[in-house]
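A.B. asks: this one's structure only:
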């Protein structure tokens, strides 16, 4: 079986470039926000339609975690994009656009 990196070398290259091009202070501040923020308590109060998307192979923001988020939101649709990892906007632009276009109000 081919690894994801072998199948998607352009996406890997784009993601590596994205990470290395991100200023260090921005990269580190994002992790501070993640560590200090607990969103589950306020999710039930969001009354707008929400599209929750993740990659099937995303270990950092897994389908299980995103299902919990979607189940906690009162008006959410969960889309798990097959064969994608964490950078779904880079890895599967067409899949993203198709999901967004189908979402109500798009």
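C.D. replies: Everything's here; your move. On a predicted model such as this, the values are computed, not experimentally measured, just so you know.

A.B. asks: run through who's touching the host helix or strand of residue 13.
C.D. replies: Assigned by DSSP states H and E, residue 13 belongs to helix 9-21. Contact with helix 9-21 is made by 5, 27, 86, 87, 90, 91, as judged by C-beta atoms under 8 Å, 6 or more residues apart in numbering. Heads up, the C-betas are built off the backbone N, CA and C, glycines and all.

A.B. asks: all helices of the protein, in order?
C.D. replies: 4-7, 9-21, 24-36, 63-72, 88-91, 93-102 (DSSP state H).

A.B. asks: out of these, which one sits most buried?
C.D. replies: Most buried of the helices of the chain by mean neighbour count (mean count of other C-beta atoms under 10 Å) is helix 88-91; its value is a mean of 20.

A.B. asks: measure residue 79 to residue 103 for me?
C.D. replies: 8 Å (C-beta to C-beta, to the nearest Å).

A.B. asks: same check, this time on residue 64
C.D. replies: 22 Å.

A.B. asks: with residue 30 instead?
C.D. replies: 25 Å.

A.B. asks: could you do residue 47 as well?
C.D. replies: 16 Å.

A.B. asks: neighbour-wise, which of those two wins?
C.D. replies: residue 103 (14 against 9; other C-beta atoms under 10 Å).

A.B. asks: quick one, what contacts the more buried one?
C.D. replies: Here residue 103 is in contact with 49, 51, 77 (criterion: C-beta under 8 Å, 6+ apart).

A.B. asks: give me the nearest residue to the last one, chain neighbours excluded.
C.D. replies: Taking C-beta to C-beta, 6 or more residues apart in numbering, and ignoring the residues beside it in sequence, residue 77 has residue 51 as its nearest neighbour in space, at 5.6 Å.
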